[in-house]
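>>> A structural model of the following input is requested.
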Amino acid sequence: LWDLWDGGAALPFVEADAGLWTPALQPGRVLWLQADQLSGLLDGDLITAWPDAAGAGPIPTQGTAANQPRYRLAQLNGKPVVRFSGDDWLTVASQLGITAQPFTQFALWKPGSTAQALMTWANSAGLLVTDLDDDVGISSGSALFNLNAHPFGQWHIVSGIHAGAGSSLTVDGGTPVTGSAGSGIPAGPPTIGAGVAGA
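Predicted structure coming up:
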């Protein structure tokens, strides 16, 4: 190619379109739950299963109607959400292949009050807890809290990096809180929504 170009030949380059980004393109991803990838549901329908957005991960499920979250249309920028209330939760029948730290969790959520928390748990050990008494925390055996007072009734994003003494927790892209979240990993099937058995 260099010789052709150096000799004055016209070399048309065409950029190949890789298409839209999808969770499948992210290396190391173990589970991505995306409400607008659910199909065949009407507003208010109960959710029995929530497939991984890329179709490769495990499928969180809930077989008891009283504990199933609801699908709600046009809740965030015209997009649907999955609404957990009270003792709603889904169980992931997998340890997600996480065998060591570090690992990262992200969640987008809208809290109603300090009594409403979004949690992911594994064998009663909280991995990610949001809005527990208006605080956000992660735990892998030790708790690391971000005492960010964030408005209720609004959408927020939290990211937690579990990395032992170098763990960090960020709310809405603000200043990360760093410290120890412990050295643990998911020791069993995590639950999403309420804690284990609806706690």
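>>> so where do the helices sit in the chain?
When assigned using DSSP state H, the helices of the chain occupy the ranges 2-6.
>>> Can you pull out the low-pLDDT segments for it?
By pLDDT under 70, the weakly predicted segments of the chain are 1-18, 113-117, 123-125, 131-133, 149, 195-199.
>>> can you map out the strands along the protein?
Chain-ordered strands for the chain, with DSSP state E as the definition, fall at 70-76, 79-83, 89-91, 103-109, 118-122, 125-132, 135-139, 143-146, 156-162, 167-171, 177-179, 190-193.
>>> Tell me which residues are up against stretch 152-164.
If you take CB atoms under 8 Å, 6 or more residues apart in numbering as the criterion, stretch 152-164 is touched by 76, 101-114, 127-128, 130-131, 136, 138, 140, 144, 146, 150, 167-173, 180-183, 185. (C-beta placed from N, C-alpha, C; glycine too.)
>>> Would you check that Trp32 makes contact with Ala56?
No - contact criterion CB atoms under 8 Å: Trp32 and Ala56 do not qualify, at 9.3 Å.
>>> Which of the two has more residues huddled nearby?
The residue with more neighbours, out of Trp32 and Ala56, is Trp32; 16 against 13, by other CB atoms under 10 Å.
>>> list the contacts for that one?
23, 26, 52-54, 57.
>>> Likewise for Gly44?
Contact analysis of Gly44 by CB under 8 Å, 6+ apart lists 70-72.
>>> how about 6 Å then?
Arg70 (CB atoms under 6 Å, 6 or more residues apart in numbering).
>>> Give me the distance between it and Gln68.
The span separating Gly44 from Gln68 equals 12 Å under the rule CB to CB, to the nearest Å.
>>> nearest spatial neighbour of Ala165, skipping sequence neighbours?
In this structure, Ala165 finds its nearest non-sequential neighbour in Ser180, 4.5 Å apart by CB to CB, 6 or more residues apart in numbering.
>>> distance of the one you found from Val171?
Here Ser180 is placed at a distance of 18 Å from Val171 (CB to CB).
>>> Name the residue in the two with the higher neighbour count.
Val171 (21 against 15).
>>> Tell me the bridge partners for the more buried one.
With DSSP bridges applied, the residues forming beta bridges to Val171 are Val158.
>>> do you know how far it is from Val158?
Val171 sits 5 Å away from Val158, going by CB to CB.
>>> Spit out the residues that contact these two alike.
Residues within reach of Val171 and of Val158 at once, by CB under 6 Å, 6+ apart, are Val136.
>>> Output stretch 138-148 as CSV, nothing but the C-alphas.
As requested, the backbone C-alpha atoms of stretch 138-148 are provided in CSV (Å, rounded to 0.1, in the frame of the first residue of the first chain):
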residue,chain,number,x,y,z
ILE,A,138,-21.1,-1.9,48.7
SER,A,139,-19.8,-4.9,50.7
SER,A,140,-17.6,-7.9,50.0
GLY,A,141,-17.3,-8.7,53.7
SER,A,142,-16.7,-5.2,54.8
ALA,A,143,-19.0,-2.2,54.2
LEU,A,144,-17.9,0.8,52.2
PHE,A,145,-20.4,3.7,52.2
ASN,A,146,-20.9,6.8,50.2
LEU,A,147,-22.8,9.2,52.4
ASN,A,148,-24.0,11.2,49.4
